[in-house]
Each structure stands twice: as structure tokens, then as C-alpha cells.
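K.L.:
attaching a predicted model along with its sequence, questions to come.
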Amino acid sequence: MVTPSRNLVMTLAIAALFPWGKLRRYSESFPKGPLCTPGIIFATDSRWTQMTPSGRTVAKYDNGMKLFPLTSHTGGIYAGDTMSAELCLGRMAHNFHTSRHPSRNIERRAQRVFRRIYSETVPKKEQSKRPLHIIIGHLDPTIGPQLWRFASNNDFRPVSISQQATIRMPTAGEIFKSAVDNEVESWFASGGHPPLRPDEAALTLVSIFYGQIVQPEIDNTVGGPIQVAVIDRNGWNSQTIAAHNGQDG
């Protein structure tokens, strides 16, 4: 296992609220109440890329851990500088476990934690070359699932996410979102049954992630087994799906 260091980066992570878009409207159209079980989906590859200060790739490690359960119904995922990310998420987990009211003001507490840890870990002169992006998801039994995005270049101000979100690699992110939209349309156009649980939808997102981004090698900093986690009313559930280039997954 590689220990995170100042020159290791992770480049792409995906999060989604379930259900989203047309699927949410479909679910809510039934008079007896929503059909879909609400939840949060996280997905990422496993590659850490070691880079020089100039941005040249030195080595790749396909065993990075990028999914972080923070409580039974809260989790985080990151893209960017691995060392500061792990410290930020580790401190956030500690914050949850020591707080008297862990579900209150999650996004504001996360901003304070991330801002402080990042400023202590990454020297100001290196911050433009070592950006950090984090997504936190929390499922509250009374108000449902919530997602927030945080970025070092925006002072880690929380930005609410209402559908799917990708962090880092904007080109790959747009490819992913377009493929997801097409898949949702195909569910309804074919007259088939769309997924009603977040774990079912997660398999679709992982398939798109692998087929549209990892397998075609959109970028050589993305690769290795795909990690996926779902938070639903039963809590956090994660697994690694071992799909590699050139191998049957």
C-alpha cells in the first residue's frame, strides 16, 4: 500500500443523489408515494498518480483508497492532493464522532475543517499546483440525502449538489454525465423498468464509468479497480469492482 505524499494526486471522483432528474419525477408521479428508495452513490477509480512539480507523471499506483465512511450514514470522496485529502476526511470523521449533534450544520463544519487542514498541510505557494476537491454526502432520515461539493480554489465553500457531480477532469466528467443522461432516456424509451434502489443505479454508473472513461483510457491518470459506495436507509455499503484494462471485469 502506498502512503499518501505531497506529489500523489487522484484525478476523478463521481457522486450522485438517487433518484435524479427524470427518474425522480417518475418516482414522485405515483399517488401512493415515491417508488424509489432515496440514497447517495459514490464511485471512483483506484489510481494514485505520482507527479513531478512540473506535472510530469512519474509512477501510477492502482491501490489508492478514495472512499471514506465518516458515520453510518455519511461519507466522503475526493480528487486532487491525496495527503491533504486524507487528513481532511480523517479529521472530519473525528469531528462527527466527537460532536454532540453530528447532523447539524455539516457543510459549514466541513468547510472550517477542510480550510484549516489544507492551509496547514499545503504551503500557499504550492496550492495552485496541489488543488483539492471533496464531496460529502449525508442521508438524514427526516429530509433525505444531501450532497455538498468543496474546492480549495473556492475557500471550500459548500455547494449543494442536486443530481450527479464529478470532481476534477472536466472533459471526462462531461462524458460521464452525457452517458448517464442517455442511459436514463433509454430506460424510459425502451419501456423497461428503471432502477428503484440506489444499489441498482450504482451498477449502471460503474458500468458507464468503466466503459466510457477507464476502458477507453480518456486519461492515463484514471485506472485500476473501480470503488463504489452507496448510502441508503440501511447506512454505508461499499465494495471494489475489479475491472481493469485488458481484463474481463
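P.N.:
Alright, I've got the coordinates.
K.L.:
for the closest residue in space to Ser46 that isn't next to it in sequence, the count of nearby residues, please.
P.N.:
Once flanking residues are discounted, Ser46 sits nearest to Gly224: 3.6 Å by Cβ to Cβ, 6 or more residues apart in numbering. C-beta: built from backbone N, CA, C; applies to glycine. Residues lying near Gly224 (other Cβ atoms under 10 Å) number 21.
K.L.:
surely Gly224 and Asn63 touch.
P.N.:
Yes: when contacts are counted by Cβ atoms under 8 Å, Gly224 is listed as touching Asn63 (7.1 Å).
K.L.:
now the common contact residues for those two.
P.N.:
Ser46 (Cβ atoms under 8 Å, 6 or more residues apart in numbering).
K.L.:
which element follows the helix or strand bottoming out on mean pLDDT in the chain toward the C-terminus?
P.N.:
Using mean pLDDT, DSSP states H and E, strand 8-10 stands out as the lowest-scoring helix or strand of the chain, at a mean of 70. Once the chain leaves strand 8-10, the next helix or strand it forms, by DSSP states H and E, is strand 13-18.
K.L.:
between strand 13-18 and the lengthiest helix in the chain, find me the angle.
P.N.:
What stands out as the longest helix in the chain, according to DSSP state H, is helix 170-189. Here the directions of helix 170-189 and strand 13-18 differ by 30 degrees (axes from the mean of the first three to the mean of the last three Cα atoms, to 10 degrees).
K.L.:
with just CA atoms, put helix 170-189 into PDB.
P.N.:
Provided in PDB are the C-alpha atoms of helix 170-189 (Å, rounded to 0.1, in the frame of the first residue of the first chain):
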ATOM      1  CA  PRO A 170     -13.900  18.300 -16.600                       C
ATOM      2  CA  THR A 171     -13.800  16.600 -20.000                       C
ATOM      3  CA  ALA A 172     -14.200  13.100 -18.600                       C
ATOM      4  CA  GLY A 173     -16.900  14.500 -16.300                       C
ATOM      5  CA  GLU A 174     -18.900  15.800 -19.200                       C
ATOM      6  CA  ILE A 175     -18.600  12.500 -21.000                       C
ATOM      7  CA  PHE A 176     -19.800  10.700 -17.900                       C
ATOM      8  CA  LYS A 177     -22.800  13.000 -17.400                       C
ATOM      9  CA  SER A 178     -23.900  12.800 -21.000                       C
ATOM     10  CA  ALA A 179     -23.700   9.000 -20.900                       C
ATOM     11  CA  VAL A 180     -25.800   8.900 -17.700                       C
ATOM     12  CA  ASP A 181     -28.400  11.100 -19.300                       C
ATOM     13  CA  ASN A 182     -28.500   8.900 -22.400                       C
ATOM     14  CA  GLU A 183     -28.900   5.800 -20.200                       C
ATOM     15  CA  VAL A 184     -31.800   7.300 -18.300                       C
ATOM     16  CA  GLU A 185     -33.600   8.200 -21.500                       C
ATOM     17  CA  SER A 186     -33.100   4.600 -22.800                       C
ATOM     18  CA  TRP A 187     -34.800   3.300 -19.600                       C
ATOM     19  CA  PHE A 188     -38.000   5.100 -20.500                       C
ATOM     20  CA  ALA A 189     -37.700   4.800 -24.300                       C
END
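K.L.:
cool, thanks, talk later.
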